[in-house]
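Asker: whatever this is, show me its structure:
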Amino acid sequence: MLKWKIKSLATAAGFGALLAISPAKAEDASATAAYKDIQATLGSVPDMFKTLPDVAVAGAWAEIKGVQLNPNTALDGKTKELMGLAVASQIPCQYCIYFHTQAAKLNGATDEEIKEAVAMAAIVRHWSTMLNGSQVDLATFKQQSDEVFAAVKAKSQ
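Answerer: Okay, the predicted model is just below:
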């Protein structure tokens, strides 16, 4: 038993020494380049980006630029921002709610569409609470949903 403890301590010490080795300093160039692109794209660099460590800035910006700001994706900007608002309403995040409401409007969303996105978020949350809290059988739920979809599809033809 003592031999096992000594071996475990030695392994832990060796692992700790590995962690103590300082990694190569993150390239400031990637964060600097990202900040320059953010400035060029948005007209300024919002503080939200400055909350990130330098190593994360380029990746976070690439994600936002590649999906949210990309006009060549499957969803248009208005739909993406209404989805963002719906999710933000459920988190809830007052920063995200403000941002996605304004971005949705900038992308052409009407006040009625904004209200509807929030209402849909509320409906989904309500039924999620009911189904999960009641422990409704998932297989039965899926079967019944598929039957509903089939009936609606048949009526529409």
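
Asker: what comes up buried for whatever helix or strand Phe99 lives in?
Answerer: Assigned by DSSP states H and E, Phe99 belongs to helix 94-106. Judged by neighbour count (16 or more other CB atoms under 10 Å), helix 94-106 contains these buried residues: 97, 99-101, 103-104. C-beta coordinates here come from the backbone N, C-alpha and C atoms, glycine included.

Asker: swap in stretch 32-42?
Answerer: Result for stretch 32-42 [16+ other CB under 10 Å]: buried residues 34-35, 38.

Asker: same thing with stretch 110-119?
Answerer: Applying 16+ other CB under 10 Å to stretch 110-119 flags 113-114, 117-118 as buried.

Asker: closest to Leu85 among those residues?
Answerer: For the buried residues of stretch 110-119, the closest approach to Leu85 (CB to CB) belongs to Ala117, at 5.1 Å.

Asker: what number of residues lie near the residue nearest to that closest one when sequence neighbours are not counted?
Answerer: Distance criterion CB to CB, 6 or more residues apart in numbering; nearest residue to Ala117, sequence neighbours excluded, is Leu82 at 4.1 Å. Taking other CB atoms under 10 Å as the neighbour definition, Leu82 ends up with a count of 25.

Asker: try Ala60
Answerer: The number of residues packed near Ala60 is 15, by other CB under 10 Å.

Asker: and if you look at Val87?
Answerer: A total of 16 residues lie near Val87 under the criterion other CB under 10 Å.
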